[in-house]
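> how would this look folded up:
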Amino acid sequence: MAVASLRMLWRSPIHCWKLGGIAMKDQNWQQQRSHRLSPSDDELYQKTTVSLLEKDSSNLIFIDGYTTHGFTINGNRIIGPCAVIPRTILQWNVGSYKDISRESLALFYMLEPKIEILVLGTGGRVERLDSDLLKFMRQKGIAVEVQDTPNACATFNFLSSEHRITAAGLIPPLGFKKTSLIVSQ
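Below is the predicted model:
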C-alpha cells in the first residue's frame, strides 16, 4: 500500500519512481499512448505508407470551376450550358432556365443505368421551375435538385464523390468572373 501511494507522487521519463533520491523501478507500469501528444522514438522511425482504396476515382467527373462563359470540368473547358452525366459531358441546348422543358430533360431520364439525382443549376440565382415538370421527373424515378449554378456545382461534386449516380444540367451564372471550386477526393 505504501508503494501504491508513492506511485501517485511522481513519475520520471525513464519509468522510475523517485522518492528522496532513491529510484524504484515499476515493473507493472505501461505507457498509455492515448494521452501522449508526441510520438515516441520508435514511432519516429517507422515508415508511413499510403494505400489507395478508390482505384476507379479517376473515372469520376468533378466540376473544377465556372465562369460566365462556361465550366471547367476535369480540366476541360466547356463553353455554355452543359449536361454532365456519368462519365460524359455534353453541350446542353438551353439558353436560360426558361428553356428547361420535358424535351430538354429527356436526355436525363432516358439514360441506363437510371440516374438517381439530377442537379439543375439555373444560373446566378435559384429560379422556380414548372411544378408539372418536377412532378414528371419524379414519376420517371429521378429526384431533381434545383439550385443556383455555384451551389449546383458543389452539390454535384459532393454526390459524385459519394458514388451516387448523379447528373447535372448547368447554365453558366451571369455576373460571376471566374471561380474555382475546391475538389477533395
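> from here on, contacts and neighbour counts on C-alpha atoms
Will do.
> mind listing what's buried in the biggest helix by length in the chain?
Scanning the chain for the helix with the most residues, using DSSP state H, yields helix 149-161. By 16 or more other CA atoms under 10 Å, the buried positions in helix 149-161 come out as 149, 150, 151, 152, 153, 154, 155, 156, 157, 158, 160, 161.
> Turn these into JSON lines, including pLDDT and distance to residue 104.
Below are these laid out as JSON lines (pLDDT from 0 to 100; distance: CA to CA, whole Å):
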{"residue": "149", "pLDDT": "95", "distance to residue 104": "17"}
{"residue": "150", "pLDDT": "95", "distance to residue 104": "21"}
{"residue": "151", "pLDDT": "96", "distance to residue 104": "21"}
{"residue": "152", "pLDDT": "96", "distance to residue 104": "18"}
{"residue": "153", "pLDDT": "96", "distance to residue 104": "19"}
{"residue": "154", "pLDDT": "95", "distance to residue 104": "22"}
{"residue": "155", "pLDDT": "96", "distance to residue 104": "21"}
{"residue": "156", "pLDDT": "96", "distance to residue 104": "19"}
{"residue": "157", "pLDDT": "95", "distance to residue 104": "22"}
{"residue": "158", "pLDDT": "95", "distance to residue 104": "24"}
{"residue": "160", "pLDDT": "93", "distance to residue 104": "22"}
{"residue": "161", "pLDDT": "91", "distance to residue 104": "26"}
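> Can you lay out the residues you listed as TSV showing distance to residue 102?
Output for the buried residues of helix 149-161, formatted as TSV (distance: CA to CA, whole Å):
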residue	distance to residue 102
149	20
150	24
151	23
152	20
153	22
154	25
155	23
156	21
157	25
158	26
160	24
161	28
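> Since that was my last question, I'll sign off now.
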